[in-house]
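1. Build me a model:
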Amino acid sequence: MKILIAEDDPLMMLLIKNQLSSEEYTLGVHTDGRSALENLESFKPDLIITDILMPFTSGLELISVVRSSGSKAPILVLSAMDQEATVLEALSLGANDFISKPFKPAELSMRVKKLLKIK
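-> Below is the predicted model of the structure:
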């Protein structure tokens with residue numbers, strides 16, 4: 001299974017990569033939303049994990065573009081922004097799940113597995 005990750009925080013990216021690599025997923029790693037969008041079509045992810053606040057293209061814009069392209073890949077949003085309006089906007093744009101930072105690696109794994117089952 002292939003997972004596209006858009007996360008600009010180096011430590012958070014390391015945590016995500018270490019957790020998901022140990023579970024033998026193929027990862028497409030991007031430090032901003034623009035780069036993630038540019039590689040979306042060629043990578044063809046089974047799941048997308050995105051932060052909200054990133055350089056160039058936000059996670060909300062990424063969700064919007066992914067959904068308008070017709071992609072049905074589940075989207076998991078990670079964000080330190082635990083504001084109800086942001087969560088609701090991400091979900092209304094087509095995100096499937098939302099997890100607030102900081103989180104436990106085991107929780108990330110469980111949510112990824114759950115989302116990959118609905119694909």
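2. Going by C-alpha atoms from here, please, whenever you check contacts or count neighbours.
-> Noted.
3. got the residue ranges for the strands in this structure?
-> Here the chain has its strands, by DSSP state E, at 2-6, 26-30, 47-51, 75-79, 97-100.
4. show me the contacts for residue 32.
-> For residue 32, the contacting residues are 6, 7, 8, 54, 55, 56, 57, 58, by Cα atoms under 8 Å, 6 or more residues apart in numbering.
5. Skipping its backbone neighbours, what lies nearest the third one in space?
-> So the one you mean is residue 8. What sits nearest to residue 8 in space, not counting adjacent residues and going by Cα to Cα, 6 or more residues apart in numbering, is residue 31, at 4.3 Å.
6. For residue 76, see how far away the one you found is.
-> Residue 31 is 16 Å from residue 76, where distance means Cα to Cα, to the nearest Å.
7. what about those two, which has more around it?
-> Residue environment comparison for residue 31 versus residue 76 gives the larger neighbour count to residue 76, 25 against 18, counting by other Cα atoms under 10 Å.
8. Residue 50 is in contact with the more buried one, correct?
-> Yes. Shown here, residue 76 and residue 50 form a contact pair, counting by Cα atoms under 8 Å, at 6.4 Å.
9. So which helix or strand of the protein has the lowest pLDDT on average?
-> Every helix and strand in the chain was compared by mean pLDDT, DSSP states H and E; the lowest is helix 84-93, with a mean of 88.
10. No further queries at this time; thank you.
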